[in-house]
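Student: Coordinates for the following, if possible.
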Amino acid sequence: MNIIHTLSIKSIKKNKTTSIVTILGIIMSVALMTGLFLFSNGMLNFLRDDYGLRHGTAEVIIDEIDRSALAQLPHRDMIKQETTLALIGAEKVTSDYYVHNHVVGIQQKDINTTVPMDVEFGRLPENPGEALITPELNSLFDKPVEPGTQIRIDLLTPSSYTEKENIQYTRQEKELTVTVVGILRNTPLRYPMTEPTYFVLQTPEENQAAQRVWAGFSLKKVNDANLKTFTKDLPGSYEITEMAKYSPNVSSSARFFIQGFVVVLMVIVVAAGVGLIQNGFMISLSQRVQELSILSSVGMTKRQKWNMSLREGLFMYLIALPIGMVSGFVAMEILFRILTPMMQGFVQSKAEMTLVWEPMTLLQIALLSLLTVIVATLIPTLRVSRQTPLVGVRQQEEIKIKPRQLRSPWLVRKVFGLEGDLAWKNLRRNRRKYRATLISLIFSLLLYLSLSSLVYYMHQSTEITQSRGTEDMVLSTQGAESFRQRDSFEKIAQMDGIKESYCSYYLSAFYIPESATEGSLEEGEDRKSVQIISYDPETMSVLLNEWKLSEEDLKGARGVLVNHSFYRDDQGAIRTEKFFENPPGEFAVLIDDPDLKASHTLTIVKSLQEPMSKFNASWGDTPQVIVLPETMEELTIGMGQIEDILPYMNLRMIVEEENHREIKETLEKTIKDSEMRMDLTDHRGRFQRERDFITVSKILFFGFATIIALISLANIYNSLISSLRLRKKEFAMLRSVGMEEKAFHRMIRFESYFYSLKLLLYGIPLGVLSSFAIYLYLGQRVNVPFNVPIAHFAGAALTVVVVLILIMQLGSRSVRKGNILDALKMEMDL
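Tutor: Below is the predicted model of the structure:
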């Protein structure tokens, strides 16, 4: 064992506290780097699996290709798996949006392997000739198709399956009869499969007989070079899917965003790690500067000093690397188990977040950690190497500051006394030593405050979007025929598990103001929007009692005017708006009269002077007239098929939390079985997904900020404890001239206060600026008021002060031990 190695081991043993804290800092840095690598890979793998479950596992897709051209594709040796869907033909359709219905043949082996099939109603096909239809196709029938229905398709062969214009059709000789056994929940594949489509189960022989096919390919090795080579000479239109773009070695915007975000965080981790390790080695070298100077005077070269420091760093690195990696793996495994159900709920997917890594990942972590340690060890070594041996032996590097620079303000001595004066002078004398530590701690504080502001504004935005209604679910339908069936619609509210509910009916119309002229009416300028509203009988009874009216008062073309409405101002506060200073006694309303003449007149029997708080389900700037359901039905007679003025029916429900999923499934089945076309809006589910997203963000953001803060606290612990130990002789001198224990404690506390004050004077204003920048960014999307999260700011400030005081107190307690005379004789506490 050579002398350099011996000195390195001896140095680590002598400075146990500094070495242990430095090793802990390296462990935390390596664990965080490992976690960031694993999070990046895990998130991309989650997105890849989610895409595969939704849209299939093909990485390259050809929309339409002849069977002969498919057999002659170049680079077939690169294909891992090939999927072909027979393009059987097309069916003409009467639609303003769709060109025709696609008829596609699929094999049993491709269902829910390469082609996902999520059946909402019915089952998967089991026999040739059975078919699944997409929701787009089901919406084109007069009545929704029931599983088991046989459909005869008049097959046509289009000149193109991918174009939407100038398509020529050739009628096929045979018709095709299929049995619909299920309706898909979503469209599994990209265009042209996003058009209304029949997926007909075929035998392998039937699939091979098709002359034109849709083809999907999975490659053996997916990277940018292979994708470019494989797609270079492909005939026709092709697409590289998101399945490929989420792969580890493929460039894409999603990968760039996620990995770019991770790289930014990685730079922060490296900077914090370098600061901690560098500070630890600087402290160690400062404690040994006299020893190193003596060694230099007897022939120790700069290269040997570098080797000694590097050996110390590598020794600590080898101890910390496996512990840090294992800690990172364990932490991410726990984190993924927590995040998986939240992410599944947020994106409505069955994909799972799992640990994904390769040997190259471990090598990257090890190399990045090694680079961090090398940089952190060389910087303090280079500084110490610039000293001449004589300066180091005499300890003259500490005597560069002039007395004038140590002079404290008169206010400090007057307010804090001698102890405060001494504390101020010490901070001035050691400000260069503390500068790196102070910057590190300011950065940690700023990071925490910024993340607190981001989460706060995300939470505020969610609260604003959720505050426009208290209902958990809304079942809605539209159409005059549906309105006449409102009794069956209202019966849905009697389901078990629904705590509160009410039905509301809306009819959009226009009214003619008294100031309107005939010319302006003809041009449509003076028409004003109005909403005609009604409720179910039970709700109407509650409202009539509240207004002290009877049902007889509203019979006929009579209504109650809601003269106020809610809206939210730019500061996020809920305001009310008044429509009429002098409410009219009647409304001439236009519903479907092409000559713009009033088709109905509504008499106003009461004008509400306050907005409706409970049943006012509509926000905006439109006055509302509440009428009986019978009056609403009379207004809809003869409306025809003008879709924009058909009445809407809404069933607004508040459900018991534990029955939410069951009620949702029941309502979805009700929608399927009903003759009315209804839509279900699940506010509770959406709000829960938004809350889950915020929870995920909190876990990730604050987890990262906490580890960075711990690294910074380890840094400041190293700096303060080592500084106090180096001042042991100074403390002994103060005690020898009569400084009492109480005064000594006051001096240490004042140092903590001054240090904390300096930190907060920089950190809090920067945190407020960061919070304002986040507010400006989010304010472009949601009207949220600017508020500083005072609780987080106050908590962070209090934590910083308490931690600094504790560290200073613990450090000063250890250096006060021992005999004063022995401390005065010491040249250096090694």
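Student: can you tell me the helix or strand for residue 200?
Tutor: Per DSSP states H and E: residue 200 is located in strand 197-202.
Student: who are the neighbours of that strand, in terms of helices and strands?
Tutor: strand 79-92, strand 100-107, strand 130-133, helix 135-138, strand 176-184 (3 or more C-beta pairs under 8 Å, 6 or more residues apart in numbering; DSSP states H and E). Where you see a C-beta, it was placed from the backbone N, CA and C, and this is true even at glycine.
Student: the bottom helix or strand of the chain by mean pLDDT?
Tutor: Lowest by mean pLDDT, DSSP states H and E among the helices and strands of the chain is helix 518-523, with a mean of 47.
Student: Name the residues linked to the closest residue to residue 58 other than its chain neighbours by a beta bridge.
Tutor: Leaving aside its sequence neighbours, residue 58 sits nearest to residue 216 (C-beta to C-beta, 6 or more residues apart in numbering; 2.9 Å). Under the criterion DSSP bridges, residue 216 forms beta bridges with residue 61, residue 83.
Student: oh, and call the first residue 809 from now on, that's how I've got it
Tutor: I'll keep to 809 as the first residue from here, and by that count the last item is residue 1024.
Student: and the helices and strands packed on strand 1005-1010, which is most packed in?
Tutor: strand 938-941 (a mean of 25; mean count of other C-beta atoms under 10 Å).
Student: how far does that strand sit from the chain's center?
Tutor: 37 Å (C-alpha atoms, centre = their mean, to the nearest Å).
Student: Spell out the residue ranges of the strands in the stretch 1459-1608 of the chain.
Tutor: Secondary structure of the stretch 1459-1608 of the chain, counting by DSSP state E, counting those that start in this stretch: strands at 1486-1490.
Student: can you give me the helices for it?
Tutor: Here the stretch 1459-1608 of the chain has its helices, by DSSP state H, counting those that start in this stretch, at 1468-1481, 1491-1534, 1536-1544, 1549-1587, 1598-1623.
Student: Output the contacting helices and strands for the shortest one.
Tutor: Spelled out, that is helix 1536-1544. helix 1549-1587, helix 1598-1623, helix 1628-1633.
Student: What of the first one?
Tutor: Other elements packing on helix 1468-1481 under the criterion 3+ C-beta pairs under 8 Å, 6+ apart are strand 927-930, strand 1281-1286, strand 1486-1490, helix 1491-1534.
Student: In the chain, where's the longest helix?
Tutor: Using DSSP state H to define each element, the chain has its longest helix at helix 1110-1155.
Student: How far does that one sit from its chain's centre?
Tutor: The answer for helix 1110-1155 is 25 Å, by C-alpha atoms, centre = their mean.
Student: dump the residue contacts of the residue nearest to residue 866.
Tutor: Counting by C-beta atoms under 8 Å, 6 or more residues apart in numbering, residue 1024 makes contact with 864-866, 868-870, 890-892, 922-923.
Student: Closest one of those to residue 1389?
Tutor: Comparing the contacts of residue 1024 against residue 1389 with C-beta to C-beta picks out residue 864 as the nearest, at 61.6 Å.
Student: Next up, the contacts around that closest one.
Tutor: Counting by C-beta under 8 Å, 6+ apart, the residues that residue 864 touches are 891, 922-924, 996-997, 1024, 1049, 1051.
Student: Lowest-confidence one in these?
Tutor: Of all the contacts of residue 864, residue 996 carries the smallest pLDDT score, 73.
Student: Name the nearest residue to that residue, ignoring sequence neighbours.
Tutor: residue 924 (5.0 Å).
Student: burial measure for that neighbour, as a count.
Tutor: 19 (other C-beta atoms under 10 Å).
Student: show me what contacts it?
Tutor: 860-864, 996.
Student: what about it, distance to residue 892?
Tutor: Relative to residue 892, residue 924 is positioned 17 Å away (C-beta to C-beta, to the nearest Å).
Student: swap in residue 1057?
Tutor: 27 Å.
Student: ok, now residue 1350?
Tutor: Applying C-beta to C-beta to residue 1350 and residue 892 gives a distance of 62 Å.
Student: now swap in residue 979 and tell me
Tutor: In this structure, residue 979 and residue 892 are 25 Å apart, going by C-beta to C-beta.
Student: Check residue 1485 too.
Tutor: Counting by C-beta to C-beta, the gap from residue 1485 to residue 892 is 36 Å.
Student: do the same with residue 1185
Tutor: On the measure of C-beta to C-beta, residue 1185 and residue 892 end up 60 Å apart.
Student: ditto for residue 1179
Tutor: 49 Å.
Student: Residue 1599 now?
Tutor: 60 Å.
Student: And for residue 1443?
Tutor: For residue 1443 relative to residue 892 (C-beta to C-beta), the value is 56 Å.
Student: List the neighbours of stretch 873-889 that are in contact with it.
Tutor: The contact list for stretch 873-889 (C-beta under 8 Å, 6+ apart) reads 865, 870, 892, 922, 1016, 1018-1023, 1025-1029, 1034, 1037-1038, 1041-1044.
Student: quick one: buried residues of stretch 958-966?
Tutor: 959, 961, 963-966 (16 or more other C-beta atoms under 10 Å).
Student: And for stretch 1359-1374?
Tutor: Applying 16+ other C-beta under 10 Å to stretch 1359-1374 flags 1362, 1365-1374 as buried.
Student: Residue 1117 contacts residue 1185, doesn't it?
Tutor: Yes - using C-beta atoms under 8 Å, residue 1117 is in contact with residue 1185, at 4.8 Å.
Student: These two: which is more packed in?
Tutor: residue 1185 (29 against 26).
Student: Do I have it right that residue 1615 meets residue 1525?
Tutor: Yes - the pair residue 1615 / residue 1525 is scored as a contact, 5.6 Å apart, by C-beta under 8 Å.
Student: Which one's more surrounded, those two?
Tutor: Legend: neighbour count by other C-beta under 10 Å for residue 1615 and residue 1525, higher for residue 1525 (23 against 20).
Student: Residue 1074: which of the helices and strands packed on helix 1468-1481 is closest?
Tutor: Residue 1074 lies closest, by C-beta to C-beta, to one member of those: helix 1491-1534, at 10.8 Å.
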